[in-house]
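K.L.:
Let me see the structure of the following:
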Amino acid sequence: MDTSVTIIGIVIAIIVAIPVYFSARTSAVNKAKILDIKKRFNPNRPQDFDLTESQSNKTLTIDQKNRKFILMNFNPNQQESIYVDLKTVSSCKLVLTSDSHSDTILKIDFEFQEKETSRKIVIPFYDFDDDRIKQISAYQDHMFAKKWLKIIQDSI
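P.N.:
The predicted structure is shown next:
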């Protein structure tokens, strides 16, 4: 009886420990990637990016004091990081592209307007073709983008 209980206990511990280990390892790797990107855009003080948030393979970070913004996309199809100096920007808005026959959101972009040249800087945030979960992720990403739009606008 004691041997079987011990074996079952060990098996359950292994079943629980393996996913926890891989989750912790992935989290550590992602934190290291994010820190490296922050160092690339602010080598002397990466800790100045005081607000960082992640969702759906996307990480957004902002240095509200020095007005710097980075969008990091860790999508397996297209990994990129885009930096925007908010001091040179006059406004920011979300641009939604929908399917003409339905309410399906196909793309969500951040659109920044430069102060001096009035040139538009378009940063892709969500793309339906890269989405595995489709509309569920689109809704979550849309809410996340709205939240960050407010944060960016407050920093401009």
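
K.L.:
Would you map the helices across this structure?
P.N.:
Counting by DSSP state H, one finds helices in the chain at the ranges 2-41, 135-155.

K.L.:
so which of these is the most packed in?
P.N.:
helix 135-155 (a mean of 16; mean count of other C-beta atoms under 10 Å). Quick note: C-beta positions are derived from backbone N, CA and C, even for glycine.

K.L.:
By mean pLDDT, show me the worst of the helices of the chain.
P.N.:
For the helices of the chain, mean pLDDT drops lowest on helix 135-155, to a mean of 87.

K.L.:
Redo the helices of the chain as TSV? Include distance to residue 72.
P.N.:
Output for those, formatted as TSV (distance: least, C-beta to C-beta, whole Å):
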stretch	distance to residue 72
helix 2-41	6
helix 135-155	12
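
K.L.:
Which of those sits closest to residue 56?
P.N.:
helix 135-155 (5.6 Å; C-beta to C-beta).

K.L.:
returning to what we had before: of all the helices of the chain, which one is nearest residue 104?
P.N.:
Of these, nearest to residue 104 by C-beta to C-beta is helix 135-155, at 6.5 Å.

K.L.:
which residues are in contact with that closest one?
P.N.:
With contact meaning C-beta atoms under 8 Å, 6 or more residues apart in numbering, helix 135-155 is reached by 51, 53, 55-56, 58, 60, 62, 64, 67, 69, 86, 91-94, 96, 104-105, 108, 110, 125-126, 128, 131.

K.L.:
Stretch 64-82 too?
P.N.:
So stretch 64-82 is contacted by 30, 33-34, 37-38, 40-42, 48-51, 57-63, 83-87, 110, 123-125, 130, 152, 154-156 (C-beta under 8 Å, 6+ apart).

K.L.:
Show me what counts as buried in it.
P.N.:
Under the neighbour-count criterion of 16 or more other C-beta atoms under 10 Å, stretch 64-82 has 64, 67, 68, 69, 70, 71, 72, 73, 74, 75, 81, 82 buried.

K.L.:
Then stretch 112-130?
P.N.:
Quick answer for stretch 112-130 (16+ other C-beta under 10 Å): 112, 123, 124, 125, 126, 127, 128.

K.L.:
Relative to residue 53, how far out is the last one?
P.N.:
Using C-beta to C-beta, to the nearest Å, one obtains 22 Å as the distance from residue 128 to residue 53.

K.L.:
Check the first one too.
P.N.:
For residue 112, the distance to residue 53 equals 19 Å [C-beta to C-beta].
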